[in-house]
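Colleague: Quick one, fold the following:
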Amino acid sequence: MAHVISQRSPPERIILGVDPGIAITGYAFLHEQHGGLQMLACDVIRTPKHTPLPDRLQSLHDQLSALLATYRPSESAMEILFFGKNRKTAIDVAHARGVAMLTLKQAHLSIAEYTPSQIKLAVTGYGNADKSQVGEMVRVLLRLSAIPRPDDAADAAAAAICHAHTHAWRSQIERNHRV
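Modeller: Now for the predicted structure:
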């Protein structure tokens with residue numbers, strides 16, 4: 001009698017994707033079940049421009065904490081910062097990213113980090129895709145009627161998709177090595 005190895009579907013999970021920023025932080029909650037992805041929520045957290053930085057960071061923490069309590073993700077994915085020419089902006093974004101990471105850790109979530117190129121490659125198949133290509137593939141992969149707006153929301157969804165695809169790929173490799 002032949003021994004049959006069952007191919008189990010990945011467990012059901014909720015993945016949070018985060019695109020950190022000080023003025024706008026994108027977020028997306030995806031439900032993954034049996035390898036299929038469904039959008040639960042996708043939007044942005046905004047902090048007022050002329051508000052002192054500590055108050056903006058507190059607002060980001062409070063709003064993200066409320067979202068975590070509502071959607072109860074099992075894991076998270078975040079884009080690694082890409083530093084451009086504007087150092088002041090990069091430092092403020094780094095503050096926001098740190099607050100987001102702390103908020104996720106306080107909720108006992110794992111945090112997977114991906115470069116912009118890794119996210120673009122996982123979503124579009126091309127590591128140098130532009131924002132419109134990423135947005136369109138997010139729309140297609142999640143079977144949405146429109147591209148999430150603003151771009152920060154679509155970027156957060158792309159980070160979550162990247163994590164789902166990367167996790168599935170790693171799980172398949174691990175299963176193959178056990179056989």
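Colleague: looking at the protein, which helix or strand does the model trust least?
Modeller: None of the helices or strands of the chain scores lower by mean pLDDT, DSSP states H and E than helix 151-178, at a mean of 77.
Colleague: Give me every residue in contact with stretch 139-152, excluding its own residues.
Modeller: 19, 21, 24-26, 28, 30, 37-39, 42-44, 123, 131, 135-136, 138, 154, 157, 161 (Cβ atoms under 8 Å, 6 or more residues apart in numbering). (Each C-beta comes from the backbone N, C-alpha and C, glycine too.)
Colleague: could you pull out the strands for this protein?
Modeller: Listed in chain order, the strands found in the chain under DSSP state E are 13-19, 24-33, 36-46, 75-79, 111-114.
Colleague: Ok, which of those strands comes nearest residue 96?
Modeller: The minimum distance between residue 96 and the strands of the chain falls on strand 24-33, with 6.2 Å, by Cβ to Cβ.
Colleague: for this structure, what are the low-confidence residue spans?
Modeller: 1-11, 83-86, 167-179 (pLDDT under 70).
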